[in-house]
Each structure stands twice: as structure tokens, then as C-alpha cells.
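Chemist: Curious how this folds, go ahead:
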Amino acid sequence: MLRISKLSDYAIVLLCEIAKADRGQGTTARQLAATTQIALPTVVKLLKMLKEDGVLLSMQGRNGGYRLARRPSETNLAVIIEAVEGPIALTECMSEELDCQIHSKCNTRPHWVHINAAFRQALSVVTLNDLTTGTMPVPVTLGGVRVAAL
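Modeler: Sure, this is the predicted structure:
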């Protein structure tokens, strides 16, 4: 089964909460843990990862906490998932480590390059703004056939 990790899923939930709550003030880890019901240690871990990758900004002081580094409309799912997981790689031959015994004789690798790029592109179209407002940008098509509406 192909799925994003629980940490990536939680990161998206946290960022949606931050996007909805952004009123010029930061949102604290404790507030996010209480609102989302995600365990505080997990929230802290994810906020640190997202800050280090430039998705979030942190501020000290009375109105301190975490804020989005960019507008919700400029923060997409691909960026979020890559901040948590690293580069999107659907198969081993798409990973930076390239630990594959049949790499030199593989007939499918050229196809996976395109599939991986299409998957990343699909994730990059959906923004936090889309998720928080309930709107989705485009229908998904595969080979000209409509697969689903996002």
C-alpha cells in the first residue's frame, strides 16, 4: 500500500490549524496539541522539522509561537511532505541512496522518473489554502481520462 507517513499527515493537520488560526499572532505547540489532539512531543518534533525546512517561522515573546513562512496559498503538500520525509521517491530508484541491485539493467526506471514527477506535481497543486477553505484546484486526469476531482 502506498501512503504518506503518519508524521506527514500530522504535519498537514498542524499546518492547516496554523493557517486557520493566523491572526498576526503565533500559535504555540501546546495550543496545537490541544486543538488537534496530537501528542505534544509529536507536535514539538514536527514544528522543529517544519521550521528547519523553512515552512514555519518561530517567534519569541508574548505573542510568540509558530507562523507560516509563506501564505497558505503558497504552501503546498509536496513542500510539506518533503520537509518531513525528504525528497518524494515512489520507488528505490528515485531515492538519493539508489540501493538497487538491478539498476543498470532496469527497463522500468525511465517510466518511474515520469510517474514520480507526476505524483509530486499532483501534490504541489494542492495548497494549505485549498485544504482550509474546502476548495480544490483541479480535477485529476490520467492520460486524458478524469480519475477524480480534487
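
Chemist: Do a quick rundown of the helices in the protein.
Modeler: Using DSSP state H, the helices of the chain run over 6-21, 29-36, 40-52, 77-85, 109-125, 128-133.

Chemist: For the third one, name the packing helices and strands.
Modeler: The reference is to helix 40-52. Here helix 40-52 touches helix 6-21, helix 29-36, strand 56-59, strand 65-68, helix 77-85, going by 3 or more C-beta pairs under 8 Å, 6 or more residues apart in numbering; DSSP states H and E. C-beta coordinates here come from the backbone N, C-alpha and C atoms, glycine included.

Chemist: Which one of the helices of the chain lies nearest to residue 65?
Modeler: The closest of the helices of the chain to residue 65 is helix 29-36. By C-beta to C-beta, the value is 7.3 Å.

Chemist: name the helices or strands packed onto the closest one?
Modeler: If contacts are counted by 3+ C-beta pairs under 8 Å, 6+ apart, helix 29-36 sits against helix 6-21, helix 40-52, strand 65-68.

Chemist: And the residue nearest to the spatial centre of the chain, how far from residue 104?
Modeler: In the chain, the centroid-proximal residue (C-alpha atoms, centre = their mean) is residue 80; its distance is 2.5 Å. Between residue 80 and residue 104 the distance, using C-beta to C-beta, to the nearest Å, works out to 34 Å.

Chemist: pLDDT weak spots in the protein?
Modeler: By pLDDT under 70, the weakly predicted segments of the chain are 1, 22-24, 94-99, 136-150.

Chemist: give the contact list for residue 120.
Modeler: 78, 88 (C-beta atoms under 8 Å, 6 or more residues apart in numbering).

Chemist: same question, residue 127
Modeler: Neighbouring residues of residue 127 by C-beta under 8 Å, 6+ apart: 72-77, 137.
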